[in-house]
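[1] Build me a model:
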Amino acid sequence: MAEKEIKNEAQEPEEKVSKKKKDNPLQKQVEELSDKLSVEHDKYVRLYAEFETFRRRSSEEKLALVSTAAADTIKGLLPVLDDCERAMQMLAESSDDAAREGTTLIYNKLMEYLKSRGLTVIEAKGQSFDTDYHEALTQVPAPSEDLKGKVIDVYQTGYMLNGKILRYAKVIVGA
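    Numbering: from 1, shown residues only. Below is the predicted model:
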């Protein structure tokens with residue numbers, strides 16, 4: 001019986017303490033404030049994550065805008081490249097060496113600059129026709145059996161910018 005009394009006496013202070021904690025207005029206020037603090041901390045963490053996402057997305061958009069602007073500028077220079085190629089073809093048959101050298105020099109400088117910016121020429125002549133890179137203007141009878149399904153002539157040179165098609169090569173395919 002003495003053991004039961006000792007246990008009861010031991011339990012009584014715990015019960016009194018827990019009742020006091022529940023009845024204590026300061027304890028209630030501490031619990032409320034800790035709940036509010038956890039809610040505010042959660043809001044802060046979410047807002048910080050949202051801001052990081054916004055910052056990452058806006059920097060990606062800036063990079064995309066710069067590359068798009070570069071692509072538009074280079075796309076505008078492609079007719080100049082075409083004109084230089086035509087001029088070099090015309091001057092190849094001419095006896096004017098100075099004009100040929102000057103045009104070749106201008107074309108090479110322009111091409112080197114554009115290549116440094118990521119422009120590459122799509123090689124087409126003699127290649128198998130590939131709709132991912134070539135646009136067929138027409139089909140003509142192939143002069144030999146091995147040229148069937150291959151590009152016989154290039155009407156307009158195609159270009160890629162940093163691995164993306166800027167302009168398809170317009171070609172004539174052997175049938």
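
[2] Now do the helices in the protein.
    The residue ranges that make up the helices of the chain, judged by DSSP state H, are 2-23, 25-92, 97-116.

[3] so where is this protein shaky, pLDDT-wise?
    Residues of the chain meeting the criterion pLDDT under 70: 1-23.

[4] where's Thr120 relative to Glu135, distance?
    Between Thr120 and Glu135 the computed distance is 17 Å (C-beta to C-beta, to the nearest Å). Using the backbone N, CA and C atoms, a C-beta is placed for each residue, glycine as well.

[5] got it, and Pro143?
    From Pro143 over to Glu135 the distance is 22 Å, taken as C-beta to C-beta.

[6] out of those two, which sits in the more crowded spot?
    Neighbour comparison, Pro143 and Glu135: the larger count goes to Glu135, with 15 against 10 (by other C-beta atoms under 10 Å).

[7] Ends of stretch 163-175, what's the gap?
    With C-alpha to C-alpha, to the nearest Å applied, stretch 163-175 spans 29 Å between its terminal residues.

[8] Can you give the contact residues for that stretch?
    The contact list for stretch 163-175 (C-beta atoms under 8 Å, 6 or more residues apart in numbering) reads 71, 74-75, 78, 119, 122, 124-125, 129, 132-143, 147-160.

[9] same deal with stretch 141-160?
    Contacts of stretch 141-160 from elsewhere in the structure, counted by C-beta under 8 Å, 6+ apart, are 74, 78, 81-82, 85, 119-122, 124-129, 133-135, 137, 140, 165-175.

[10] swap in stretch 40-48?
    Contacts of stretch 40-48 from elsewhere in the structure, counted by C-beta under 8 Å, 6+ apart, are absent.

[11] Stretch 52-67 now?
    For stretch 52-67, contacts defined as C-beta under 8 Å, 6+ apart pick out Asn162.

[12] circling back: can you say which of the contacts of stretch 163-175 are buried?
    Judged by neighbour count, with 16 or more other C-beta atoms under 10 Å as the criterion, the buried members of the contacts of stretch 163-175 are 71, 74, 78, 119, 122, 124, 129, 133-134, 147, 150-152, 154, 156-160.

[13] The spatially closest residue to Glu135 that is not a sequence neighbour and Asp72: what is the separation?
    For Glu135, the nearest residue in space outside its immediate sequence neighbours is Tyr168; the separation is 4.2 Å by C-beta to C-beta, 6 or more residues apart in numbering. When distances are taken as C-beta to C-beta, Tyr168 and Asp72 turn out to be 17 Å apart.

[14] again, but for Gly149
    When Gly149 is compared with Asp72 (using C-beta to C-beta), they lie 34 Å apart.

[15] before we move on, the earlier item: neighbour-wise, which of Tyr168 and Asp72 wins?
    Tyr168 (18 against 10).
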